[in-house]
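Q: this one's sequence-less:
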């Protein structure tokens with residue numbers, strides 16, 4: 001495990017304990033990334049990754065959706081938060097979220113869209129949101145990130161927005 005992190009009782013931890021423990025470090029990694037603390041972010045991701053390795057695969061104990069895939073999702077999200085868009089854009093689309101709950105799958109797709117958009121790859125960003133909308137239209141429709149991205153794209157248009165973008169913006173209720 002990462003240096004400086006205490007691990008009482010993890011030698012014989014149950015899968016549920018490993019899931020909660022790892023999820024706490026994923027939350028900490030996001031908080032550290034938002035505070036622009038790359039060292040703590042890496043430490044917390046490494047600790048979560050080791051807990052996921054001990055768990056042995058993806059699981060959903062206590063609705064955590066914790067496991068190696070969720071750690072990979074958080075690597076993408078923290079990279080984007082820290083401004084490392086190359087990592088987010090390279091790793092994000094390769095993470096196979098098919099075995100995770102829909103909420104995690106959609107949230108990851110939105111994070112990938114945000115990374116693409118930040119790198120001015122708007123077509124790929126829109127495609128990621130449209131794919132997520134196929135999985136869970138209500139979740140995409142009401143999520144602040146999808147709405148924020150669509151509104152940004154509409155505002156940045158120099159000419160008439162594409163029919164696909166207008167349709168998305170209307171479904172997200174950011175355009176009349």
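A: Good, I have the coordinates. Please read all numbers here as calculations on a predicted model, not as lab measurements.
Q: how about the secondary structure of residue 58?
A: Following DSSP: H, G, I helix; E, B strand; the rest coil, the label given to residue 58 is coil.
Q: how much space between it and residue 48?
A: 13 Å (Cβ to Cβ, to the nearest Å). Where C-beta positions appear, they are placed from N, C-alpha and C, glycine not excepted.
Q: for residue 96, same thing?
A: Counting by Cβ to Cβ, the gap from residue 96 to residue 48 is 18 Å.
Q: and the two? Which one has more around it.
A: When residue 96 and residue 48 are compared for neighbours, residue 48 comes out ahead with 29 against 10, by other Cβ atoms under 10 Å.
Q: could I get the contacting residues of that one?
A: Residue 48 sits next to 22, 23, 25, 26, 29, 71, 74 when contact means Cβ atoms under 8 Å, 6 or more residues apart in numbering.
Q: and what of residue 106?
A: 132, 135, 136, 139, 140, 143.
Q: what do you get if the cut-off is 6 Å, keeping everything else the same?
A: 132, 135, 136, 139 (Cβ atoms under 6 Å, 6 or more residues apart in numbering).
Q: any weak-confidence spans in the protein?
A: Low-confidence segments of the chain (pLDDT under 70): 1-9.
Q: give me the longest helix you can find in it.
A: In the chain, assigned by DSSP state H, the helix with the most residues is helix 15-34.
Q: what comes up buried for whatever helix or strand comes next after it?
A: Using DSSP states H and E, the helix or strand that follows helix 15-34 in sequence is helix 38-55. Using 16 or more other Cβ atoms under 10 Å as the test for burial, helix 38-55 gives 38, 40-52, 55.
Q: can you check stretch 137-144 too?
A: So for stretch 137-144, counting by 16+ other Cβ under 10 Å, buried means 139, 140, 143.
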